[in-house]
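Q: got a predicted structure plus its sequence, pasted below:
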Amino acid sequence: MDLREHLIAESARYCAARGISLSRLAKLAVNDGKFFRRIEAGGDFGIRTYDRFMAYLRDHPISPDQPRARVPLSSAAHAATSGRAA
């Protein structure tokens, strides 16, 4: 799973559990409500944006009981667990 797929999957899971839209999550995480619309249209994003999303998901768990280890701390952490370089 690459960073793009990971970001979309984790964001979709988070939104489903919280009952919010991807647009709302993007507004909260990176102040860009059209982020996922652009990604779906073939747009790209940088490592810093990925890291900002992961930090938001880590810092705003779905519930207090959610294990924080599910969300990588950064793109480097994701790369380490997936065997790819960041």
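A: Sure thing, it's come through.

Q: so A12: helix, strand or coil?
A: Secondary structure, DSSP: H, G, I helix; E, B strand; the rest coil: A12 is helix.

Q: you'd agree it is up against I20?
A: No. Counting by CB atoms under 8 Å, I20 is not a contact partner of A12; they are 11.0 Å apart. To be clear about C-beta, it is placed using only N, CA and C from the backbone, and glycine gets the same treatment.

Q: roughly how far apart are M54 and I47?
A: According to CB to CB, to the nearest Å, M54 stands 10 Å off from I47.

Q: among these two, which residue is more densely surrounded?
A: M54 (23 against 14; other CB atoms under 10 Å).

Q: and the helix or strand the more buried one falls within, what's its mean pLDDT?
A: Element membership for M54, per DSSP states H and E: helix 47-59. If you average the pLDDT over helix 47-59, you get 95.

Q: residues of that helix that come out buried?
A: Counting neighbours by 16 or more other CB atoms under 10 Å, one finds that the buried residues in helix 47-59 are 49-54, 56-58.

Q: what of stretch 33-49?
A: By 16+ other CB under 10 Å, the buried positions in stretch 33-49 come out as 35-36, 39, 45, 49.

Q: farthest-separated two in these?
A: Spatial extent of these (CB to CB) is set by the pair F36 and T49 at 11.6 Å.

Q: hang on, isn't T49 packed against A26?
A: No. Assessed by CB under 8 Å, T49 is found out of contact with A26, at 9.7 Å.

Q: overlap of the contact sets of these two?
A: F35 (CB atoms under 8 Å, 6 or more residues apart in numbering).

Q: strands of this structure, residue ranges please.
A: Read by DSSP state E, the chain holds no strands at all.

Q: for it, which segments are assigned as helices?
A: Under the criterion DSSP state H, helices of the chain are mapped to 3-18, 22-30, 35-40, 47-59, 75-82.

Q: comparing those by mean pLDDT, which bottoms out?
A: helix 75-82 (a mean of 59).

Q: ok, and the closest non-adjacent residue to F35?
A: Sequence neighbours aside, A26 is the residue nearest to F35 in space, at 3.8 Å (criterion: CB to CB, 6 or more residues apart in numbering).
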